[in-house]
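Undergrad: Fold the following.
(2 chains)
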Number of protein chains: 2
Amino acid sequence: MTSPAFRLLATCPETGARAGELATPHGAVPTPVFAPVGSQGTVKTLTPADLKELKAALILANTYHLYLRPGIEVIARLGGLHRFMAWDGPILTDSGGYQLFSLATLSKVSDDGVLFRSHIDGSEHFLTPEKVIECQEKLGADIIMVLDQPLPYTEDIRQVQAAMERTQRWAERCRSSHHRADQAPSTGSGQALYGIVQGGTFPELRRQSAAGLTALDFPGYAIGGLGLGERKEQTLAIVAETVSYLPEDRPRYLMGIGSPEDVIEAIARGVDMFDCALPTRVARNGAFFTRDGRQNIRNAVYKDREAPLDSTCGCYTCRTFSAAYVHHLFKCEELLAYRLTTLHNLHFLLGLVREARDAIVNGTFPSFRKEFISSYRATSEEVRLEQKRRWLAVGRIRNAGS
Amino acid sequence: MTSPAFRLLATCPETGARAGELATPHGAVPTPVFAPVGSQGTVKTLTPADLKELKAALILANTYHLYLRPGIEVIARLGGLHRFMAWDGPILTDSGGYQLFSLATLSKVSDDGVLFRSHIDGSEHFLTPEKVIECQEKLGADIIMVLDQPLPYTEDIRQVQAAMERTQRWAERCRSSHHRADQAPSTGSGQALYGIVQGGTFPELRRQSAAGLTALDFPGYAIGGLGLGERKEQTLAIVAETVSYLPEDRPRYLMGIGSPEDVIEAIARGVDMFDCALPTRVARNGAFFTRDGRQNIRNAVYKDREAPLDSTCGCYTCRTFSAAYVHHLFKCEELLAYRLTTLHNLHFLLGLVREARDAIVNGTFPSFRKEFISSYRATSEEVRLEQKRRWLAVGRIRNAGS
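TA: Modelled structure (predicted):
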């Protein structure tokens, strides 16, 4: 299968950054693109109207979460995920591989599939590659993902190889059980199934994984299993390495990475698509992005501040409220607080990615990148909190075994 | 002082229901009016843009809450409450009398004032009638309230009389320390200070309280101390009784009452203004209003329901989502859930009050009222929950002594 769905418009010769456009049944997605995360069928605190105002071009939902609640059949009976969420733009569903291995209690993992207990009520379920595809066909997202087995960072190459090879076998079964691609709607493109490259921090395993998947000719390829305990330099090195094994004419999707600095650096390495809960999750914790780095509105310096979160920002929050007001809402644990910082962070990141795209098209990406990276600093406290959280998740996966 | 700020436009001859218009420095308020409650400077879950879309004509904030957080001086330095909340429409601030006697830990209550400990951090504070007026002048709301002493329902007439007489003495001191009324802005009306009628369920005490306050010539009069343990028939009887002692040409404001059925019945007794946390609080608990009564979206019957919460409703929630989706959000405890039902309940109640006003103007209020009351039923579970909550608050006040 060819992928007329993806058009490359410009490539930065110095870095490999790309600007393109992805056709989907629910409209075109300019790339690079960041997809806000709405695991349970809602980007936390926001309505579809908010997301339109933010010009979100693609949003993500999660098969594992929706399978457990409200159930795939419920959404199917109600006309599919777009109608359920009242979002008529493009949607990507993750297969839930990561969630199975990090949230659920695993009972038995074999090539057949995954026997697990729900993290919500302990009920037992069995998911196979075929079942995961069936679920995603019923949800009806524009882009869906194969079932994969991510691993936390480890230096045990045999463990990483085994998970990568299982991911390859599962990808083959997903590929052959996916039929909805053929039901191309009037837009000329059907539901697209992407493969997921695994292989940890081992270049040779990443190469084998990419080779195995490209042989199956997916319309797009994800890079999975990163941001799970390896050092940041390793993450970016493996991104660059993996990108080099992927076909030019297919979109490349880096899963679960979404801090502003990581997004810009990954774009510079040829990545086209991103999703990550970080911008919305840290927002609910009071952290907000500015060009100078990440700040936290709970900090006492904001108690009296008449200026908005960021004077250069045009989001609803910054157009409307003083930082002192947002600080007050956080101090009072008012629900509006979480929405206001969520709006700000998504406005920041979606705007940043649009700027990066413009810079690629205009041939100014290297200076744009340099300028951004030199001024942007995550505060040490924020980075520490995030690392702690990530390690907790990693610990869960590790304990679950393979 | 006369009150050119209030114009009566129509009165229902059968019931005494009135339609009018209240001029304020931030615009006209059509009456009857329901004011959504934003105690801490935010109507929970909503932005000012949401409130505009709901056509809220007046919102309420609370002096006690804002005094404790972020502090009156902070808001004053930031340009006052309107700017702080980014709400350029009319605002009413309650004095915090009710909160002092229900939320704070009272240390010493005398004619001088109230020595209390904050319900947030236990810090000690002393508030007097003069101080409460000074706070409200600094906040700069369009309508402010005297400091009063509400009591929970009791048959001890001496206790009720003592609290009513203290409320009268405090009202006199509030009246003479209020200066901002003279600083009339270009709209022709300054900040208006309303008196609060107390007297429990004793008609004679209500008469004395109304007489004492009207002698002070307030531009508006509130009916306080109701909905605190007395039977519902008593509430409405006392409302009718108290209204009969109040001047025709001043707005009458029933404090803390806001279920749809109570609002319509109080309008029928000549009340012009309402505030209540009930519609927004029960919304966050999953309860939503329909013309058939109160329902709860957590109920399993909604798991599969493709129709909106209310097929006859034009709010954003009902225009956009199935009941099944809102049910799902509640089951997952997603933050968007609380906003969607809040939008619905305020849309319902604000619309209901607008309809009541139109009916008064058109001379059809009696049939409108009859039709509404005959179809509207609060579910027994909801009523029970609400009563339980009210009794808890009443217990707090009772334990605080007088």
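
Undergrad: How far does stretch A:12-21 sit from its chain's centre?
TA: Distance of stretch A:12-21 from its chain centroid, counting by Cα atoms, centre = their mean, to the nearest Å, is 20 Å.

Undergrad: The stretch 301-402 of chain A: helices as residue ranges?
TA: Ranges of helices in the stretch 301-402 of chain A, per DSSP state H, counting those that start in this stretch, are A:316-320, A:323-331, A:335-362, A:365-375, A:380-400.

Undergrad: wait, isn't A:A337 in contact with A:F321?
TA: No - assessed by Cβ atoms under 8 Å, A:A337 is found out of contact with A:F321, at 10.4 Å. All C-beta atoms are positioned from the backbone trio N, CA, C, and that covers glycine.

Undergrad: On the three-state scheme, the nearest residue to A:V197 once chain neighbours are set aside is what?
TA: Of all residues not flanking A:V197 in the chain, A:S209 sits nearest, at 4.6 Å (Cβ to Cβ, 6 or more residues apart in numbering or on different chains). Taking DSSP: H, G, I helix; E, B strand; the rest coil as the rule, one finds A:S209 in the helix state.

Undergrad: With A:T235 instead?
TA: A:T235 ends up helix, using three-state DSSP.

Undergrad: In terms of pLDDT, where does the residue lying closest to it once chain neighbours are set aside sit?
TA: Closest residue in space to A:T235, ignoring its immediate chain neighbours: A:L226 at 5.1 Å, by Cβ to Cβ, 6+ apart. On the pLDDT scale, A:L226 is placed at 95.

Undergrad: repeat for A:L151
TA: We have a pLDDT of 92 for A:L151.

Undergrad: Also A:A181?
TA: At A:A181, pLDDT is 71.

Undergrad: tell me which parts of the stretch 201-350 of chain A are close to chain B?
TA: Applying Cβ under 8 Å from any Cβ of the partner chain, we find that the stretch 201-350 of chain A lies next to chain B at A:303-304, A:306, A:316, A:320-322, A:324-325, A:327-329, A:331-332, A:334-336, A:338-340.

Undergrad: Pull out the buried residues from those residues.
TA: Buried subset of those (neighbour count, 16 or more other Cβ atoms under 10 Å in any protein chain shown): A:304, A:316, A:320-322, A:324-325, A:327-329, A:331-332, A:334-336, A:338-340.

Undergrad: Can you list the buried residues in stretch A:264-271?
TA: Buried, per 16+ other Cβ under 10 Å, within stretch A:264-271: A:264-271.

Undergrad: no, scratch that, I was asking about stretch A:49-68
TA: Judged by neighbour count (16+ other Cβ under 10 Å), stretch A:49-68 contains these buried residues: A:50-51, A:54, A:56-68.

Undergrad: What of stretch A:306-315?
TA: Those buried within stretch A:306-315 under the rule 16+ other Cβ under 10 Å are A:308-310, A:313, A:315.

Undergrad: Okay, and the beta partners of A:T105?
TA: Listed by DSSP bridges, the beta-bridge partners for A:T105 are A:R117.

Undergrad: tell me the phi and psi of the nearest residue to A:A323 once chain neighbours are set aside?
TA: Of all residues not flanking A:A323 in the chain, A:R305 sits nearest, at 4.0 Å (Cβ to Cβ, 6+ apart). With angles defined as degrees, to the nearest 10, A:R305 sits at phi -80, psi 120.

Undergrad: Burial check on A:R305, number of neighbours?
TA: 17 (other Cβ atoms under 10 Å in any protein chain shown).

Undergrad: ditto for A:E134
TA: By other Cβ under 10 Å, the residues close to A:E134 number 16.

Undergrad: before we move on, what about A:V109?
TA: When counting by other Cβ under 10 Å, one arrives at 18 neighbours for A:V109.

Undergrad: quick one, phi/psi of it?
TA: According to degrees, to the nearest 10, A:V109 has phi -120, psi 120.

Undergrad: Tell me how far stretch A:331-340 lies from the chain's centre.
TA: 25 Å.

Undergrad: swap in stretch A:327-336?
TA: Using Cα atoms, centre = their mean, the offset of stretch A:327-336 from its chain centre is 28 Å.

Undergrad: How about stretch A:334-348?
TA: The answer for stretch A:334-348 is 19 Å, by Cα atoms, centre = their mean.

Undergrad: sorry, back to before: just send the buried residues of stretch A:264-271 back as JSON lines, with secondary structure and pLDDT too.
TA: Below are the buried residues of stretch A:264-271 laid out as JSON lines (DSSP: H, G, I helix; E, B strand; the rest coil; pLDDT from 0 to 100):
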{"residue": "A:I264", "secondary structure": "helix", "pLDDT": "98"}
{"residue": "A:E265", "secondary structure": "helix", "pLDDT": "97"}
{"residue": "A:A266", "secondary structure": "helix", "pLDDT": "98"}
{"residue": "A:I267", "secondary structure": "helix", "pLDDT": "98"}
{"residue": "A:A268", "secondary structure": "coil", "pLDDT": "98"}
{"residue": "A:R269", "secondary structure": "coil", "pLDDT": "98"}
{"residue": "A:G270", "secondary structure": "coil", "pLDDT": "98"}
{"residue": "A:V271", "secondary structure": "coil", "pLDDT": "98"}
